[in-house]
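A.B. asks: Kindly generate the corresponding structure for this input.
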Amino acid sequence: MAPIPDRRITGLILAGGRGARMGGVDKGLQTLHGEPLALHVAKRIAPQTRALIISANRHLDGYRTLGAPFGAAVISDSSSGFPGPLAGILAGLRAARTELVLCAPCDSPFLALDLADRLAAALDANLADIATATTTSADGQPSAHPVFALLRTSLADDLAAFLDGGERKVRAWYARHMTAEVGFADERAFYNVNSLQELADLERA
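C.D. replies: Now for the predicted structure:
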């Protein structure tokens, strides 16, 4: 079944990293099966949300072209130097015109199609500020996926103060707020491409 968009939610694709583990290339624009990774993400997150934002710090015209079919806005971090995902999240929280923002990295081409629905249900049920995804491997090892998250836009000022204090760790900021964790069975939905070799392996699969 096709996902039903949640009108309270803006989707945010985080594509503002330096791509260090890929040799400095712009990760979201690397292609898988003929399409940029960020486009794979956009096709999966846009149907779940009311609006779409792409957070990028270079090749902005490329991301505008990629996001145009979805009416996506392209924004950048307010500070230079690739300060990490929290800076992109802050930019998204500031730019969104909805109550909630659903974040996902640009290199997760198999993003869960029920991500918004399940995270929103947990956020509401627990009266939480943030909901994040977790998985458990076949051998029982839990994994957290903190950048796959649903956040209230009202957190923007607190996040700005956290970053102004020199902090950068996503989980450290989450720990300041009521956070709900949601378990997903499909680990592949949270797979992110970390190297050109991994991308090449996916291309052959």
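A.B. asks: For the closest residue to residue 46 other than its chain neighbours, give me its contacts.
C.D. replies: Excluding its sequence neighbours, the residue lying closest to residue 46 (Cβ to Cβ, 6 or more residues apart in numbering) is residue 70, at 4.6 Å. Yep, even glycine has a C-beta here, placed from its N, CA and C like the rest. Residue 70 is in contact with 42, 46, 52, counting by Cβ atoms under 8 Å, 6 or more residues apart in numbering.
A.B. asks: where does the residue most central in space within the chain land in three-state SS?
C.D. replies: Most central in the chain under Cα atoms, centre = their mean is residue 104, positioned 1.5 Å from the mean C-alpha point. At residue 104 the chain is in strand, as set by DSSP: H, G, I helix; E, B strand; the rest coil.
A.B. asks: cool, and residue 58?
C.D. replies: From three-state DSSP, the assignment for residue 58 is coil.
A.B. asks: Kindly provide the distance from it to residue 102.
C.D. replies: Between residue 58 and residue 102 the computed distance is 23 Å (Cβ to Cβ, to the nearest Å).
A.B. asks: Which of the two has more residues huddled nearby?
C.D. replies: Under the criterion of other Cβ atoms under 10 Å, the comparison of residue 58 against residue 102 puts residue 102 first, with 29 against 14.
A.B. asks: Tell me what that one is bridged to.
C.D. replies: Beta-bridge pairing for residue 102 (DSSP bridges): residue 11, residue 150.
A.B. asks: right, and it touches residue 150 too?
C.D. replies: Yes: contact criterion Cβ atoms under 8 Å: residue 102 and residue 150 qualify, at 5.1 Å.
A.B. asks: joint contacts of those two?
C.D. replies: 9, 116, 119.
A.B. asks: Just the C-alphas of the helix or strand hosting residue 158, formatted as PDB.
C.D. replies: Assignment of secondary structure by DSSP states H and E places residue 158 within helix 156-164. Extracted in PDB, the C-alpha atoms of helix 156-164 (Å, rounded to 0.1, in the frame of the first residue of the first chain):
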ATOM      1  CA  ALA A 156      15.100  24.600  17.100                       C
ATOM      2  CA  ASP A 157      16.100  27.200  19.700                       C
ATOM      3  CA  ASP A 158      17.400  24.500  22.100                       C
ATOM      4  CA  LEU A 159      19.400  22.900  19.300                       C
ATOM      5  CA  ALA A 160      20.900  26.200  18.300                       C
ATOM      6  CA  ALA A 161      22.000  26.800  21.800                       C
ATOM      7  CA  PHE A 162      23.500  23.300  22.000                       C
ATOM      8  CA  LEU A 163      25.500  23.900  18.800                       C
ATOM      9  CA  ASP A 164      26.600  27.300  19.900                       C
END
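A.B. asks: ok now stretch 139-159, how far from the chain's centre?
C.D. replies: Offset of stretch 139-159 from its chain centre (Cα atoms, centre = their mean, to the nearest Å): 9 Å.
A.B. asks: List the buried residues in that stretch.
C.D. replies: Within stretch 139-159, the residues scored as buried using 16 or more other Cβ atoms under 10 Å are 145, 146, 147, 148, 149, 150, 151, 152, 153, 155, 156, 159.
A.B. asks: Could you export these as a markdown table, including distance to residue 198 and pLDDT?
C.D. replies: Below are these laid out as a markdown table (distance: Cβ to Cβ, whole Å; pLDDT from 0 to 100):
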| residue | distance to residue 198 | pLDDT |
| --- | --- | --- |
| 145 | 17 | 96 |
| 146 | 20 | 95 |
| 147 | 17 | 96 |
| 148 | 18 | 98 |
| 149 | 23 | 98 |
| 150 | 27 | 98 |
| 151 | 28 | 98 |
| 152 | 33 | 98 |
| 153 | 33 | 98 |
| 155 | 32 | 98 |
| 156 | 33 | 97 |
| 159 | 30 | 96 |
